[in-house]
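A.B. asks: quick check, what structure comes out for this input:
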Amino acid sequence: MIQFEIRKNKEGSGFDHNFPLLKFTNEKYFMLHELNRCNPDYIIDEVLPNLEKVLTKDLEYYEFGYEATLIDFNKDKATINYNYGDDQLKIESQAIYEFMLCWRNALVDWEKNQDH
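C.D. replies: So this is what the prediction gives:
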């Protein structure tokens, strides 16, 4: 199980104030912190809809991520490739989906509260 927290950014860390940042409470999934660098629109408009398409079998698989961490998402299992593909970690797809859904919801909430 992926254990994580979503914290609001404080000033001075290179992210917008109150931007939701992922923090992993179990070291096993430390590499997923790279997803903090993804554009929110990418997560909201591309990643989550494609994960849902894989789960409903409208897509065979979907790959997403950021630089040194890429996730190959299949209906039942996902593979987290990190360290530019030198290391891998297998996980249930549902765990990745639930984690990404929580983060997407935090990003949507953050975007709603921005001055546009």
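
A.B. asks: residue contacts, the closest residue to Tyr29 other than its chain neighbours?
C.D. replies: Distances taken as CB to CB, 6 or more residues apart in numbering place Ile2 nearest to Tyr29, at 5.2 Å, with adjacent residues excluded. For every residue, glycine as well, the C-beta is placed using N, CA and C. Residues counted as contacts of Ile2 (CB atoms under 8 Å, 6 or more residues apart in numbering) are Phe24, Asn26, Tyr29, Leu32, Ile91, Ala95, Ile96, Glu98, Phe99.

A.B. asks: rerun that using 10 Å as the cut-off
C.D. replies: By CB atoms under 10 Å, 6 or more residues apart in numbering, Ile2 lies in contact with 22, 24-26, 28-29, 32, 80, 91-92, 95-96, 98-100, 102.

A.B. asks: pLDDT check: weakest of those residues?
C.D. replies: pLDDT is lowest at Asn26 among these; the value there is 88.

A.B. asks: ok, for that residue, nearest residue in space, not its chain neighbours?
C.D. replies: Nearest residue to Asn26, sequence neighbours excluded (CB to CB, 6+ apart): Gln3, at 4.4 Å.

A.B. asks: can I assume that neighbour is in contact with Tyr29?
C.D. replies: Yes: here Gln3 reaches Tyr29: they are 7.7 Å apart, a contact under CB atoms under 10 Å.

A.B. asks: identify the contacts common to those two.
C.D. replies: Counting by CB under 10 Å, 6+ apart, the contacts common to Gln3 and Tyr29 are Phe99.
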